[in-house]
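In: following is a predicted model, sequence given first.
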Amino acid sequence: MPSMVASTSGSDRQPTSAQHNYAAKMNERRSSTWLALGAIALWGGLAPIGVQLEHVPPFLLTGLGLLIGSAISLPFSGWRLASWRVPLRTLALGVYGLFGFHFLLFIALRNAPPVQANLVNYLWPLGIVLLSPLFLPNVRLQAHHVLAAILGFTGASLAITGGQNLVWAPQGTFAWGYLPALGSAFIWASYSLWTRRVPAFPTSAIGLFGLVSGLLALACHFVLEPAVQLNLHEDLLLIAMGIGPLGAAFYLWDAALKAGDARRIGVLAFLTPLLSTLGLLLIREQWPDLSVLAATALIIAAAFIGSLNRH
């Protein structure tokens, strides 16, 4: 008589439910990583496109870009506007994130040295990492998350400043524009985390957030900025910006946060200023210097350390 043990060995052994759960968790983790990297890559192209549109008033640029980006959700949702039907609280959160972030950032760039204001604004990935335990239930901050955040911000600082000394306030005065820069960083970090606390909504609803935020940005343009005429080349660049950094990036970011660990995704976000810097060097036909290489090493190390979490 054949042994009963033989029937449960080798290729006949079935995976346990725990193994299935682990495999599903790892697949979700990989998916969230690629979604986040997709958003970060698109945001990395914002500065190279933006410098070619630098004479376009920023609120006009943002408003038109967000309106173009909002249209992406239509084919994404199968042309069902019902996917935009979200509670007023959720819509308010979306406008808080997309419009509030850009509104305060533009105020900061006008009232503080731009490089330094941008550096303060790039505290938002650090905010996502450090604020996760305050915004999300059952999330704990571990030592390697803090280390990864510090390394990531150091690398981002190098990428933005080129390792040169910064004059934060000429003649010892304080540039008040740093406050809205800090506010914009907090808004994007808190928006990213709060989307996990409101009732679940389809990612295509980001289109509604972009539509309302874009209209508000255009209202700011008409009140605060001069009118300009755009040529065909600028129109094409604006469409590219709306489809990518001010469009698809927001959908990818939302999907990544829904599928993955906000602490790890926050560390990955430090790649954004590095990619922006590399993109600017590329369009200027310049080679990266030692500060960019050092920034790359620090951010890669931060991303690796941040990815070590498995809880």
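Out: Cool, got the structure. Since we're looking at a predicted model, the values are computed, not measured.
In: alpha carbons only for contacts and neighbour counts from here, please
Out: Noted.
In: flag every buried residue along stretch 289-298.
Out: Burial within stretch 289-298, assessed by neighbour count using 16 or more other C-alpha atoms under 10 Å, is assigned to 291, 292, 294, 295, 296, 298.
In: actually stretch 128-143, not the one I wrote
Out: Those would be 128, 129, 130, 131, 132, 133, 135, for stretch 128-143 by 16+ other C-alpha under 10 Å.
In: of those residues, closest to residue 215?
Out: residue 128 (27.3 Å; C-alpha to C-alpha).
In: contacting residues around the closest residue to the closest one other than its chain neighbours?
Out: Spatially, and ignoring its direct neighbours in sequence, residue 128 is nearest to residue 189 (4.9 Å; C-alpha to C-alpha, 6 or more residues apart in numbering). With contacts defined as C-alpha atoms under 8 Å, 6 or more residues apart in numbering, the neighbours of residue 189 are 124, 125, 127, 128, 131.
In: one more time with 6 Å, if that's ok
Out: 124, 127, 128 (C-alpha atoms under 6 Å, 6 or more residues apart in numbering).
In: ditto for residue 120
Out: 181, 182.
In: again, 10 Å this time
Out: Counting by C-alpha atoms under 10 Å, 6 or more residues apart in numbering, residue 120 touches 105, 108, 114, 157, 178, 179, 180, 181, 182, 183, 184, 185.
In: cool, residue 248 as well?
Out: Counted by C-alpha under 10 Å, 6+ apart, residue 248 has contacts 38, 39, 42, 43, 69, 70, 72, 73, 206, 207, 241, 242.
In: quick one on the thing from earlier: now intersect the contacts of residue 189 with the helices, please.
Out: 124, 127, 128 (DSSP state H).
In: grab the nearest non-local neighbour of the second one.
Out: For residue 127, ignoring the flanking residues on the chain, the nearest one in space by C-alpha to C-alpha, 6+ apart is residue 189 at 5.5 Å.
In: hmm, back to that, of the contacts of residue 120, closest to residue 47?
Out: residue 114 (12.7 Å).
In: excluding residues flanking it in the chain, which one is nearest the closest one?
Out: Residue 114's closest residue in space is residue 108 (C-alpha to C-alpha, 6+ apart), at 7.8 Å.
In: over to residue 179?
Out: Counting by C-alpha to C-alpha, 6+ apart, the residue nearest residue 179 is residue 108, at 7.4 Å.
In: pLDDT wise, what is that neighbour at?
Out: Per-residue confidence (pLDDT) for residue 108: 87.
In: for residue 289, what are phi and psi?
Out: Backbone geometry at residue 289, expressed as degrees, to the nearest 10, gives phi -90, psi -170.
In: pLDDT at it, what is it?
Out: Confidence at residue 289, expressed as pLDDT, is 77.
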